[in-house]
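Chemist: what follows is a predicted structure for the sequence shown.
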Amino acid sequence: MNLIQTTILNSLPAAKKKTPSGWISFNAPCCIHNGESMDRKKRGGIMTSADGTLSYHCFNCGFKASYVIGRKLTQRMRQFMVWLGVPDETIKRLAIEAMRHEETDITKPKKKFVTFKKKELPKNAHPLDFWLEKYVAKDLTQPQWQKIDSILNYLKDRGIGPDWYDFMYSPVNIWDMDKRIIIPFYWHGDIVGYTGRLFEPSDKIKYYTDVQPGYVFNIDSQDWSRKFVIVTEGPFDAIAVSGVSILGSEINDIQRELINGLNRQVIVVPDRDAPGEKLVNQAIEFGWSVAFPEWDKTISDVAEAVLKYGRLFTIQSILKSTESSKLKIDLKRKMYG
């Protein structure tokens with residue numbers, strides 16, 4: 001463990017816990033600085049690895065920061081350390097330490113192949129097709145039949161076909177999984193995580209997600225004949241237009257590398273809210289395009305547009321409204337803001 005990892009881990013609140021997927025969760029210090037109320041549900045998560053990498057992800061306000069050994073200490077990571085209460089002098093010293101690592105590594109091969117570990121799905125998770133066969137044959141208990149019926153109604157209400165993705169369901173009640181539709185995360189054909197979305201009204205957290213730092217949802221399923229890739233915030237948005245999702249409103253270094261690795265025009269379609277503004281700023285920084293479709297003002301994201309207009313029209317409206325220059329992007333977001 002390097003000095004930067006050690007300093008951050010030692011600065012975390014005393015009230016923290018380690019999840020089965022390896023995240024250290026605690027009350028996120030970033031939310032109150034990003035327009036959200038104070039986190040009291042341990043929505044902040046830290047993941048470390050043996051190669052010196054450290055990633056932070058807030059599952060409430062969407063703030064992300066990461067450190068990769070051999071690279072500079074980013075401004076976002078410095079800001080995160082400030083919010084943790086790390087003294088300014090310590091942060092400056094760590095920034096110099098990071099630069100030393102960068103200089104030391106200059107003669108070493110820089111290219112690292114991104115990889116993600118295989119993960120287990122919740123117990124008794126099966127593809128939705130498995131449950132649908134039993135649903136049609138009425139070979140389920142009454143509570144299970146009602147759950148599958150609720151899933152179908154939920155997908156219908158969102159304008160998503162049950163065959164648009166490899167949806168799954170598990171009847172176990174850990175993390176309220178029996179009330180969630182499961183979206184598996186794939187990497188080179190292997191399951192490397194998942195998210196479970198509530199399909200019935202509840203006061204519980206909408207999404208329970210087991211995700212590894214840097215993962216880009218649906219990147220394995222991109223149509224290589226396309227000359228563009230549509231980047232969305234949520235997984236249902238990505239499914240709706242066959243795009244990719246960053247599973248939040250901010251992009252980290254690994255996600256940027258993976259998306260750029262597709263070697264095509266990158267079109268960002270942010271949600272129409274405050275966190276979406278962060279994504280627009282990053283798109284400008286990365287030299288990516290941003291779409292400003294002329295949708296009804298009641299529509300807040302891509303999935304809602306597909307529900308109202310259909311897939312083909314939604315994709316066409318995204319392509320038609322795409323801007324690539326910083327000046328035009330700034331003008332458009334003022335117009336539609």
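Modeler: Thanks, I have it. Numbers count the residues shown, from 1 in each chain.

Chemist: so where do the helices sit in the stretch 201-337 of the chain?
Modeler: Secondary structure of the stretch 201-337 of the chain (DSSP state H, counting those that start in this stretch): helices at 235-241, 253-260, 274-286, 302-309, 311-320, 326-336.

Chemist: what's the pLDDT at Asn124?
Modeler: As predicted, Asn124 sits at a pLDDT of 93.

Chemist: go on, Ile174?
Modeler: Predicted confidence (pLDDT) at Ile174: the value is 86.

Chemist: how about it, what does it touch?
Modeler: Residues in contact with Ile174 (Cβ atoms under 8 Å, 6 or more residues apart in numbering) are 122-123. No exception for glycine: its C-beta is placed from N, CA and C like everyone else's.

Chemist: in the stretch 151-300 of the chain, which ranges drop under the pLDDT threshold?
Modeler: Applying pLDDT under 70 to the stretch 151-300 of the chain flags the ranges 274-275.

Chemist: swap the cut-off to 80 and go again
Modeler: The stretch 151-300 of the chain contains residues with pLDDT under 80 at 188-189, 223-225, 272-276.

Chemist: now render the helices of the stretch 201-337 of the chain as a markdown table, adding mean neighbour count and distance to Glu97.
Modeler: Shown next, in a markdown table, are the helices of the stretch 201-337 of the chain (neighbours: other Cβ atoms under 10 Å; distance: least, Cβ to Cβ, whole Å):
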| stretch | mean neighbour count | distance to Glu97 |
| --- | --- | --- |
| helix 235-241 | 24 | 37 |
| helix 253-260 | 18 | 19 |
| helix 274-286 | 18 | 25 |
| helix 302-309 | 21 | 42 |
| helix 311-320 | 16 | 43 |
| helix 326-336 | 13 | 34 |
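
Chemist: helix/strand/coil for Thr115?
Modeler: In three-state terms, and counting by DSSP: H, G, I helix; E, B strand; the rest coil, Thr115 is coil.

Chemist: neighbours of it, how many?
Modeler: The burial count assigned to Thr115 is 11, neighbours taken as other Cβ atoms under 10 Å.

Chemist: could I get the contacting residues of it?
Modeler: Trp187.

Chemist: just checking, Ser66 touches Tyr56?
Modeler: Yes - the pair Ser66 and Tyr56 qualifies as a contact (Cβ atoms under 8 Å) at a distance of 6.9 Å.

Chemist: more neighbours, the two?
Modeler: When neighbours are counted by other Cβ under 10 Å, Tyr56 comes out ahead of the other of Ser66 and Tyr56, with 25 against 21.

Chemist: joint contacts of Ser66 and Tyr56?
Modeler: With Cβ under 8 Å, 6+ apart as the test, Ser66 and Tyr56 both reach Met77.

Chemist: in space, what's closest to Arg226 - neighbours in sequence excluded?
Modeler: Closest residue in space to Arg226, ignoring its immediate chain neighbours: Arg264 at 6.7 Å, by Cβ to Cβ, 6 or more residues apart in numbering.

Chemist: and for Thr298?
Modeler: Among residues not flanking Thr298 along the chain, Glu304 sits closest, at 8.0 Å (Cβ to Cβ, 6+ apart).

Chemist: so how far is Leu140 from Val211?
Modeler: Using Cβ to Cβ, to the nearest Å, Val211 is found at 30 Å from Leu140.
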